[in-house]
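Asks: what follows is a predicted structure for the sequence shown.
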Amino acid sequence: MIASEQKADVVLVVDDSAETLGMLSQVLDEEGLTVLIALDGEQAINIANKMTPDIILLDAIMPNIDGFETCRRMKQDAGLKNTPIIFMTGLSDTEHIVMGLEAGGVDYIAKPINPQELVARMRVHLSNARMTQSARMALDTAGQNIFTTGSSGQMLWATPQVFALFEAALADSKWLETMLAPLLRAWLGRGPEQGRKLPLDAPLKKLQCKYLGEINTNEHLFRVFEEDEGSDEDVLKKAFVLTEREAEVLLWIANGKTNREIAQILEMSPRTVNKHLEQVFKKLGVENRTAAASVAIRLLSESGRLG
């Protein structure tokens with residue numbers, strides 16, 4: 001079964017065919033899912049606004065608003081941005097598949113639908129969505145000054161620490177919209193390399209913004225910190241002569257994250273995380289992750305960055 005015993009995943013099925021809705025409702029109910037149904041795009045959007053589903057199955061061809069436009073509208077809602085949408089379609093030509101993916105879909109399945117194939121695809125995308133959410137929660141709980149923006153420079157999401165830093169710098173919502181967003185939009189337009197830094201002149205403090213890369217389509221990850229203090233990674237990098245990536249991995253080890261969690265956060269494979277850790281152990285003169293974390297925590301604490 002897809003759903004856990006504690007909380008059933010919620011799936012929104014959107015199709016103008018009562019026969020298809022009936023068949024899918026039965027299949028998904030047997031998998032332990034909570035099923036919501038909609039007969040058209042407008043109804044689907046209204047339902048999703050009231051109860052955010054964990055995954056959406058969306059018919060591509062419907063009257064009034066088709067599935068592609070429905071998907072685009074849903075993805076404009078911050079609450080649905082990370083909800084996986086699978087298109088169901090009898091259209092198998094490349095053009096329509098591309099249209100679905102560009103609209104924000106993560107996958108498509110051809111009609112007539114094979115229930116076993118559908119459930120398998122849903123299982124994969126639900127798992128990926130949970131990992132993404134877990135990584136985001138990890139950023140929140142680790143006390144990192146992390147935020148994301150779209151290519152427009154408008155902030156999509158930020159940890160509480162970012163809002164606290166901006167508040168201390170008297171960078172209010174107007175400053176974020178009229179100063180920060182245009183600055184980041186222009187910077188992103190120039191294609192900054194990962195690890196590059198950009199000075200930010202907030203009203204009360206000078207800040208720096210570090211570009212961490214594109215983590216999703218049209219979603220860019222940044223870290224912000226006070227200009228005169230440098231980031232935690234900078235402290236670790238300088239003290240132990242680490243590369244950027246080695247310093248990032250060490251910092252997350254110090255925050256108690258597993259290799260799998262670090263791989264998800266930093267957009268790399270667990271194997272690559274292990275390779276970086278091998279170099280970190282050598283440079284710190286330690287034999288395991290616990291010792292490495294202790295060394296990093298001690299340095300950051302002595303630098304006044306912890307507790």
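Replies: Nice, thanks for sending it over. Numbers count the residues shown, from 1 in each chain.

Asks: could you use CA atoms for every contact and neighbour count after this?
Replies: OK.

Asks: what segments of this protein are strands?
Replies: Taking DSSP state E, the strands of the chain run over residues 10-14, 34-38, 55-59, 85-89, 107-110, 146-149, 155-158, 197-201, 206-216, 219-226.

Asks: let's have those strands in TSV, adding mean neighbour count.
Replies: Listed next are the strands of the chain as TSV, based on neighbours: other C-alpha atoms under 10 Å:
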stretch	mean neighbour count
strand 10-14	24
strand 34-38	20
strand 55-59	25
strand 85-89	25
strand 107-110	18
strand 146-149	22
strand 155-158	17
strand 197-201	16
strand 206-216	18
strand 219-226	20
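
Asks: now distance to residue 274 and mean pLDDT too, for those, in TSV please.
Replies: Below are these laid out as TSV (distance: least, C-alpha to C-alpha, whole Å; pLDDT from 0 to 100):
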stretch	distance to residue 274	mean pLDDT
strand 10-14	36	94
strand 34-38	39	92
strand 55-59	32	94
strand 85-89	33	92
strand 107-110	31	89
strand 146-149	24	88
strand 155-158	28	85
strand 197-201	27	89
strand 206-216	20	84
strand 219-226	23	86
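
Asks: okay if I get the ones you listed as CSV plus distance to residue 186?
Replies: Compiled in CSV, the strands of the chain are given as follows (distance: least, C-alpha to C-alpha, whole Å):
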stretch, distance to residue 186
strand 10-14, 38
strand 34-38, 41
strand 55-59, 34
strand 85-89, 31
strand 107-110, 32
strand 146-149, 13
strand 155-158, 14
strand 197-201, 11
strand 206-216, 13
strand 219-226, 13
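
Asks: out of those strands, which gets nearest to residue 262?
Replies: strand 206-216 (13.6 Å; C-alpha to C-alpha).

Asks: who are the packing partners of that closest one?
Replies: Packed against strand 206-216 by the contact rule (3 or more C-alpha pairs under 8 Å, 6 or more residues apart in numbering; DSSP states H and E) you find strand 197-201, strand 219-226.

Asks: direction included, what does it pair up with?
Replies: strand 197-201 (antiparallel), strand 219-226 (antiparallel) (DSSP bridges).

Asks: got CSV for those strands, with distance to residue 107 too?
Replies: Output for the strands paired with strand 206-216, formatted as CSV (distance: least, C-alpha to C-alpha, whole Å):
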stretch, distance to residue 107
strand 197-201, 35
strand 219-226, 19
